[in-house]
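Participant: I would like the atomic coordinates for the input below:
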Amino acid sequence: MTGYNKDIRPGLDRGTPITINLIFFLYSINDFDLNTGKFSITAIFSLRWQDERLSWDPASYNQTDYIAIPQYRLWLPNLLNINPYDDITELRKAELAIGVKNSGECSWFALNTFDVVCDADVTKYPFDSQTCSLKFYIWGYRSNELKAMFLTPKVQFSLFSENGIWEVTDSATYIDIDVNNFETLVIKFDLKRRAPYYIVSLILPIISVSFLIGFVFLLPAESGERVGFSTTSLLSVIVYLTIIQDILPESSEPNVSTLGYILVTYVIIGSIVVIEVIISLWIQSQPSHKPIPKCILRMILCSQKKRKNNNVERFDTKQESDFYDMKDDVTWFDIGVNNENVKEFDMSTGEFSVTGVFVLNWMDERLSWNPASYNQTNTTVISQNYTGLCTWFAIETFESVCYTDVTKYPFDTQVCSIKFYVWGYSYKDIDSTFVSSKVLLTLYTENGIWEVHDSATYTQMNIYNDKEIIVELTLERRTSYYIVSLILPLAFITFLTSFVFLLPQDSGERLGFSLTVLLSVVVYLTIIQDILPEASEPHVSILGIFLSIFVVMGSLVVIVVIINLRIQNQHSQKPIPKFINRLILFVRRKDKDMVEPLGSKIELDYNEEDSVLTWSKAANDLDLIFFVVSQVVFCILGLCYFLSVLT
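Facilitator: Presented below is the predicted three-dimensional model:
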């Protein structure tokens, strides 16, 4: 190997590109974390090329026609993985050897573990299919200097060990030319999730729990377990929703998980069922002599006529007298029964990570030459062209600290900067200037969580008179995922809180209901706390503030429920305070004005005992007041939140 220079590529004719033959052997799939987007495999990259400088005559060397030479002694194609999950690394390893035949044919079997970024599409989770790719550059050479070619159009699986979670349904290997005229080596995998585990441990339990919700209407009203049953079923669905949130990425692109939509729908339906149960119990607790509102009476009578028509006789809409004849049979109990039909951006640590290519050009006259003197060679790995213009494509994973503003989370926009110094030189020695005022996104792969809203590249002088090179990215969060999995469930859960005041005093479920709803809000508050940083500057998250307010309001509701239960159980001989008396009488007058007879044939019959205010009646009337007040407060708080994040 006398005179062999490993820094110069093979090829006697410098005008003809050297051909690299490639085969990719998959050994195993190690991991695919949907949450972080990390796809990890172990594989063997087989590369073959011709290096005439390494040929010899076997007869001169005891018929030796093959030898193995350590990597560090030979020229190797500088193969770089350009979509890594962590740092950019070379494929070469010192402990591996290159097989060389006497003809000069070199064989390199590069065994390595590749960790790459794969943006998952979780729309159909857990019945999803994913497409993940590994991308490589043979760094430092253009297509007119080095030609890569896959010998097989697919990945080879002769060494593959099956994965328990993912099945490889298809694969492809091909060469792509990017905008910089570099060859990109692409190895693509089509993966399909093996679904039986998820059907057994996730889908079937969710279906069973959600199927239970409707059975609350078969429970007798006097059992005292209807609200507890419905709220517990609702809480179970919320628990499964949080499990899904832990598994899936906070990604809104290309779509939010359909299973997430279904679970949120179950939460909404469960919330509506709880409201219906409470209203039904409230209706059944009304005194029989109290007049029934016109709208409810018409709905129930219509339902009864339809039922009668289906079972016995034809329904005649012209028989108006039947309508008024039936109204005496309708009681509050009847109504109750019929009504039941960007790489990574960790906000908690402030770690901002991107993979980028820094293209640097400068002139070095010492490296200029005359192409005619060197077989028309006008470029080398060292210099971009014969004039001495040098180009450095510095691909790297940059991790920097980004000071986040979580005020409007999850409707937030963040501005992150990466700062550089040309170390060891002042601005008088080296003048750095950006050719473009924006970051070039021609090679950019979209991120499911963050959208690059804007960018800027500029230089500025710091207080020490050093020039800072700054790359700035403005990121806007994609909000679909957070609206579906966070905002909507929270809105319905907080909306449920005040419905405790419609539960009958003697149902025995008021405290359990209010505490369960309060616990659900606290669970969501802890989820938010895990996501957001423990920072007070520039502002605390508005969502966190409002959740804390909702927790305080929920606690106050529990206290009011306890006080109201105590009011109901006061001794009848104990006088009622004047301010409560006046408030109750005022509400009763308003209620009397709002209730109108159904028609001329219906007369209101108020019992004389209604005018006597007892502790029990005072508690019932206070429930109505607290219900209205709490609903108004919660609606105002929700409106204030959306106004604050949208302005």
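Participant: which ones are touching F393?
Facilitator: W139, N180, V357, F358, V359 (Cβ atoms under 8 Å, 6 or more residues apart in numbering). Yep, even glycine has a C-beta here, placed from its N, CA and C like the rest.
Participant: oh sorry, the question was meant for Y374
Facilitator: Y374 touches R14, counting by Cβ under 8 Å, 6+ apart.
Participant: now it: how far from S368?
Facilitator: Distance, Y374 to S368, using Cβ to Cβ, to the nearest Å: 12 Å.
Participant: report the buried residues of whichever helix in the chain runs longest.
Facilitator: Longest helix in the chain by number of residues, with DSSP state H as the criterion: helix 615-646. For helix 615-646, the buried set under the neighbour-count rule, 16 or more other Cβ atoms under 10 Å, comprises 615, 617-624, 626-627, 630, 634, 638, 641, 645.
Participant: in terms of secondary structure, what does that helix contact?
Facilitator: Secondary-structure packing of helix 615-646 (3 or more Cβ pairs under 8 Å, 6 or more residues apart in numbering; DSSP states H and E): helix 488-497, helix 542-568, helix 578-594.
Participant: just the angle between the first one and helix 542-568, please?
Facilitator: In other words, helix 488-497. In terms of direction (axes from the mean of the first three to the mean of the last three Cα atoms, to 10 degrees), helix 488-497 departs from helix 542-568 by 20 degrees.
Participant: for helix 488-497, give the mean pLDDT please.
Facilitator: The average pLDDT within helix 488-497 is 82.
Participant: contacts for that helix?
Facilitator: Contacting residues not belonging to helix 488-497 are listed as 238, 241, 264, 267-268, 271, 274-275, 514, 517-518, 520-521, 524, 547, 550, 553-554, 557, 630, 634, 638 [Cβ under 8 Å, 6+ apart].
Participant: which of those count as buried?
Facilitator: Buried members of those, scored by 16+ other Cβ under 10 Å, are 238, 241, 264, 267, 271, 274-275, 514, 517-518, 520-521, 524, 547, 550, 553-554, 557, 630, 634, 638.
Participant: out of the contacts of F393, the closest to Q505 would be?
Facilitator: Nearest to Q505 out of the contacts of F393 is V357 (Cβ to Cβ; 70.2 Å).
Participant: neighbouring strands - and their directions - for the strand or helix carrying the closest one?
Facilitator: Element membership of V357 [criterion: DSSP states H and E] is strand 351-363. Take DSSP bridges as the rule and strand 351-363 pairs in its sheet with strand 344-346 (antiparallel), strand 389-401 (antiparallel).
Participant: helices and strands of the chain: which one bottoms out on pLDDT?
Facilitator: None of the helices or strands of the chain scores lower by mean pLDDT, DSSP states H and E than helix 332-338, at a mean of 44.
Participant: can you give me the neighbour number for N569?
Facilitator: Neighbour count for N569, taken as other Cβ atoms under 10 Å: 11.
Participant: OK, contacts around it?
Facilitator: N569 is in contact with W615, counting by Cβ under 8 Å, 6+ apart.
Participant: ok, L543 next?
Facilitator: Counting by Cβ under 8 Å, 6+ apart, L543 touches Y409, P410, I528, Y641, V645.
Participant: re the thing from before, how far out from the middle of the chain is the strand holding V357?
Facilitator: Mean-position distance between strand 351-363 and its chain equals 28 Å (Cα atoms, centre = their mean, to the nearest Å).
Participant: so D454 sits right up against T474, yeah?
Facilitator: Yes: taking Cβ atoms under 8 Å as the definition, D454 is a contact partner of T474 at 4.0 Å.
Participant: so S498 makes contact with F626?
Facilitator: Yes: with contacts counted by Cβ under 8 Å, S498 reaches F626, the gap being 7.5 Å.
Participant: adding mean pLDDT and distance to K147, write the strands paired with strand 351-363 out as TSV.
Facilitator: Formatted as TSV, the strands paired with strand 351-363 follow (pLDDT from 0 to 100; distance: least, Cβ to Cβ, whole Å):
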stretch	mean pLDDT	distance to K147
strand 344-346	69	35
strand 389-401	78	19
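Participant: what's the longest strand in the protein?
Facilitator: Longest strand in the chain, counting residues (DSSP state E): strand 18-33.
Participant: measure stretch 3-11 end to end?
Facilitator: Taking Cα to Cα, to the nearest Å, stretch 3-11 runs 15 Å from one end to the other.
Participant: that should have said stretch 189-208, apologies.
Facilitator: End-to-end distance (Cα to Cα), stretch 189-208: 35 Å.
Participant: mind listing what's buried in it?
Facilitator: In terms of neighbour count (16+ other Cβ under 10 Å), stretch 189-208 has its buried residues at F189, L191, R193, Y198, L202, I206.
Participant: how near is the residue nearest to the fifth one when sequence neighbours are not counted to Y197?
Facilitator: What it means is L202. Among residues not flanking L202 along the chain, P126 sits closest, at 6.6 Å (Cβ to Cβ, 6 or more residues apart in numbering). The gap separating P126 from Y197 is 8 Å, by Cβ to Cβ.
Participant: what does C302 give?
Facilitator: 49 Å.
Participant: cool, I278 as well?
Facilitator: Noted for I278: a distance of 38 Å to Y197, by Cβ to Cβ.
Participant: can you pull up the bridge partners for E183?
Facilitator: Assessed by DSSP bridges, E183 has beta-bridge partners I177.
Participant: which residues in the stretch 1-150 of the chain form strands?
Facilitator: For the stretch 1-150 of the chain, the strands defined by DSSP state E, counting those that start in this stretch occupy 18-33, 38-50, 66-70, 79-81, 97-101, 105-117, 129-138, 146-150.
Participant: can you give me how far the helix or strand encompassing I207 is from the chain middle?
Facilitator: Secondary structure from DSSP H and E places I207 in helix 204-213. Relative to the centre of its chain, helix 204-213 is centred 24 Å away, using Cα atoms, centre = their mean.
Participant: residues making contact with that helix?
Facilitator: Residues outside helix 204-213 that contact it (Cβ under 8 Å, 6+ apart) are S230, S233, L234, S236, V237, Y240, L263, Y266, I269, G270, V273.
Participant: from the residues you listed, pick the one nearest S40.
Facilitator: Of all the contacts of helix 204-213, Y240 has the smallest distance to S40: 27.9 Å, by Cβ to Cβ.
Participant: so what's D86 up against?
Facilitator: By Cβ under 8 Å, 6+ apart, the neighbours of D86 are D115, T397.
Participant: could you measure from it over to N35?
Facilitator: D86 is 16 Å from N35, by Cβ to Cβ.
Participant: same deal with Y137?
Facilitator: Per Cβ to Cβ, Y137 is found 28 Å from N35.
Participant: so for the two, which sits in the more crowded spot?
Facilitator: Higher neighbour count among Y137 and N35: Y137, with 23 against 14, using other Cβ under 10 Å.
Participant: for the more buried one, give its distance to E90.
Facilitator: Counting by Cβ to Cβ, the gap from Y137 to E90 is 11 Å.
Participant: kindly report the same for V645.
Facilitator: Distance, V645 to E90, using Cβ to Cβ: 46 Å.
Participant: next: F501.
Facilitator: Between F501 and E90 the distance, using Cβ to Cβ, works out to 68 Å.
Participant: out of the two, which sits in the busier spot?
Facilitator: Between F501 and E90, F501 has the larger neighbour count (other Cβ under 10 Å), namely 25 against 13.
Participant: phi and psi next, for that one.
Facilitator: When quoted as degrees, to the nearest 10, the phi and psi of F501 stand at phi -80, psi -10.
Participant: wait, it touches N620, no?
Facilitator: No: assessed by Cβ under 8 Å, F501 is found out of contact with N620, at 9.7 Å.
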